[in-house]
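[1] Here's a sequence, model it:
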Amino acid sequence: MSIGGTLSSALSGLTANARAAEIVSSNIANVMTDGYGRREIVLTSRQVGGVSQGVSVAGVYRHADMALIGDRRVAESTAGYHRIQSQFLQRLEGVLGTPEQEQSLSGRIAAFDTALIEASSRPESEPRLARVADTARTLAGQLATVSADIQFARTTADDRIESGVKQLNSALTRVEELNRLIRNNSGNGRETSALMDQRQQLIDSIAAIVPVREIARENGQVALMTVGGAILLDGKASVFEFSTVGVITPGMTLASGALSGLALNGKPLSTSGSDSRIAGGTLAADFLVRDQLGPEAQAQIDAIAREVIDRFAAPGLDATRAPGASGLFTDAGAAFDPLNEEGLSQRLRLNADVDPTVGGALWRLRDGLGASAPAAVGNAQLLLDWQAALTDVQAPASATFTTGQRSLAGLATDMVSGIAGSRLNADGEASYAKARADSLLTMELAGGVDSDQEILSLLLIEQNYAANAKVVQTVDDMIKLLLGM
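    This is a model prediction of the structure:
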């Protein structure tokens with residue numbers, strides 16, 4: 001090989017090793033960066049006049065196990081779905097409370113029961129009658145509090161849906177732009193790894209909201225499709241549509257048209273059930289809370305409120321009560337209409353005739369709601385009947401609960417137990433999905449940047465660089481020697 005060829009080969013080696021050192025340095029610097037794919041330089045033999053002469057940088061290869069990344073995204077999406085479900089149920093458990101807690105629903109029922117027993121032992125005692133009114137009013141207030149919390153959770157879910165839709169649309173548009181940049185750079189021979197890193201981070205954010213699969217397209221581009229089959233991006237980004245309502249009340253449902261559904265490119269999209277094409281992510285979980293879990297819990301608390309009204313308005317319980325008049329509890333001051341059970345828990349009130357805070361008389365708790373004047377103060381029969389109505393075991397009037405005879409406290413316990421069971425199931429599913437996602441992430445990281453290996457590569461690059469530099473130095477010495485002859 002001529003001196004010129006030797007020098008050219010050495011210089012190409014210096015250039016290649018400088019580029020390799022730059023890539024290894026980038027790998028080490030981004031060892032903990034999410035979405036970063038390990039780079040590796042690709043070298044080819046350089047041809048000069050049909051003769052191999054040194055090396056040239058053919059490109060940079062970005063390592064990424066897309067099958068593993070896809071599985072990890074689906075696992076994380078599933079974990080997010082069950083996490084939101086569990087959080088709602090845990091919140092509901094908290095506001096309902098457990099029987100041993102004084103401020104729980106069961107505790108309020110027990111306090112009302114105790115107050116009735118104490119008042120029946122001394123029916124002439126106004127403080128004890130006042131205690132009955134206070135605990136009855138507090139019980140109604142507790143049901144209203146649970147209902148309000150359910151609707152707040154539904155409203156929060158509705159707000160999160162709007163935020164998620166905006167994030168989806170923004171991320172999909174950005175992925176479309178990155179696809180175009182990657183295609184152009186790839187066609188012009190420019191580096192695309194950094195753009196692919198950005199795109200992977202964006203797709204990860206999309207996958208948290210709706211589970212997606214990434215499909216490779218030509219020139220480094222990708223298409224995105226939900227696991228359920230909805231096309232999110234294939235050349236052009238799809239557009240999700242949703243409208244938030246601000247505040248949700250018990251009567252507002254998707255079926256009634258009071259709440260917005262989800263649309264994709266103008267076409268309605270099912271958000272639940274086997275035909276849902278977005279099932280599994282946080283978006284589907286928020287729809288689950290807003291349209292299924294929330295309304296189911298509301299129906300149960302309304303059924304308990306109806307049971308409170310029905311038990312204390314039973315025929316023959318209070319002989320002084322006029323036919324059709326309200327019992328001890330009312331629907332916002334009026335008699336309850338069985339066809340208007342929805343939202344009853346927020347309208348439940350203590351009958352104004354016995355509520356001293358609105359001008360009622362406590363003695364009517366003892367003498368009857370329709371009594372015009374106090375009767376014998378020693379007669380505790382009605383108070384005993386109130387207490388029996390509270391604790392009697394009977395079938396609930398509402399179809400929300402399964403058939404079977406239970407006391408009012410039993411109904412409350414059934415609701416709490418059912419929610420606790422669902423929450424434990426959601427916790428288990430979330431834990432399993434999270435553990436699987438963590439395991440897949442560990443495997444993904446294991447195939448990523450190994451700092452020890454990168455440092456070893458850097459040492460080899462340094463040696464290669466030094467060798468090429470030595471060749472250049474030797475050639476320079478030879479040229480000087482020839483020129484000096």
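[2] For the strand or helix carrying residue 417, list every residue counted as buried.
    For residue 417, the host element (DSSP states H and E) is helix 408-446. By neighbour count with 16 or more other C-beta atoms under 10 Å, helix 408-446 contains the buried residues 408-416, 418-420, 422-423, 426-427, 429-430, 433-434, 436-437, 440-441. Where C-beta positions appear, they are placed from N, C-alpha and C, glycine not excepted.
[3] Now do the same for it: mean pLDDT, whole number.
    Mean per-residue pLDDT for helix 408-446: 90.
[4] low-confidence ranges in the stretch 301-450 of the chain?
    450 (pLDDT under 70).
[5] What segments of it are strands?
    329-331, 348-350 (DSSP state E, counting those that start in this stretch).
[6] Residue 132: which of those is closest?
    Shortest distance between residue 132 and the strands of the stretch 301-450 of the chain, using C-beta to C-beta, is found for strand 348-350: 9.8 Å.
[7] What pairs with the closest one, parallel or antiparallel?
    If you go by DSSP bridges, strand 348-350 pairs up with strand 329-331 (antiparallel).
[8] Pull the distance from stretch 274-282 to the chain's centre.
    Relative to its chain's centre, stretch 274-282 lies at 13 Å (C-alpha atoms, centre = their mean, to the nearest Å).
[9] Show me which positions of that stretch end up buried.
    Buried-residue list, stretch 274-282, by 16+ other C-beta under 10 Å: 276, 277, 278, 279, 280, 281, 282.
[10] average pLDDT across it?
    For stretch 274-282, the mean confidence score works out to 90.
[11] ends of that stretch, how far apart?
    The stretch stretch 274-282 measures 17 Å between its terminal residues, going by C-alpha to C-alpha, to the nearest Å.
[12] Likewise for stretch 366-386?
    9 Å.
[13] Check which residues of it are buried.
    366, 367, 368, 369, 371, 380, 382, 383, 384, 385, 386.
[14] For it, which outside residues touch it?
    116, 119-121, 123-124, 129, 132, 312, 317-322, 325-328, 351, 353-354, 361, 363-365 (C-beta atoms under 8 Å, 6 or more residues apart in numbering).
[15] And the helices in the stretch 251-400 of the chain?
    Under the criterion DSSP state H, counting those that start in this stretch, the stretch 251-400 of the chain contains helices at 282-288, 294-311, 344-347, 364-367, 381-391.
[16] show me what contacts the spatially closest residue to residue 392 that is not a sequence neighbour?
    The shortest distance from residue 392 to any non-neighbouring residue, by C-beta to C-beta, 6 or more residues apart in numbering, is to residue 407 (6.6 Å). Going by C-beta under 8 Å, 6+ apart, residue 407 touches 390, 391, 392, 393.
[17] What is the nearest of these to residue 177?
    Looking across the contacts of residue 407 and measuring by C-beta to C-beta, the closest to residue 177 is residue 390, at 65.1 Å.
[18] Contacts only, for that closest one.
    Here residue 390 is in contact with 109, 112, 113, 116, 311, 312, 407, 408 (criterion: C-beta under 8 Å, 6+ apart).
[19] before we move on, what about residue 113?
    387, 390, 391, 409.
[20] relative to helix 408-446, how tilted is the helix or strand hosting it?
    Applying DSSP H and E as the criterion places residue 113 in helix 105-121. Orientation check (axes from the mean of the first three to the mean of the last three C-alpha atoms, to 10 degrees): helix 105-121 against helix 408-446 gives 160 degrees.
[21] Can you get me a residue count around the nearest residue to residue 114 once chain neighbours are set aside?
    Leaving aside its sequence neighbours, residue 114 sits nearest to residue 135 (C-beta to C-beta, 6+ apart; 7.7 Å). Residue 135 sits with 20 neighbouring residues when counted by other C-beta atoms under 10 Å.
[22] ok so, going back, just put the helices of the stretch 251-400 of the chain in CSV and tack on distance to residue 17.
    Output for the helices of the stretch 251-400 of the chain, formatted as CSV (distance: least, C-beta to C-beta, whole Å):
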stretch, distance to residue 17
helix 282-288, 47
helix 294-311, 63
helix 344-347, 74
helix 364-367, 94
helix 381-391, 86
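[23] Cheers, nothing more for now.
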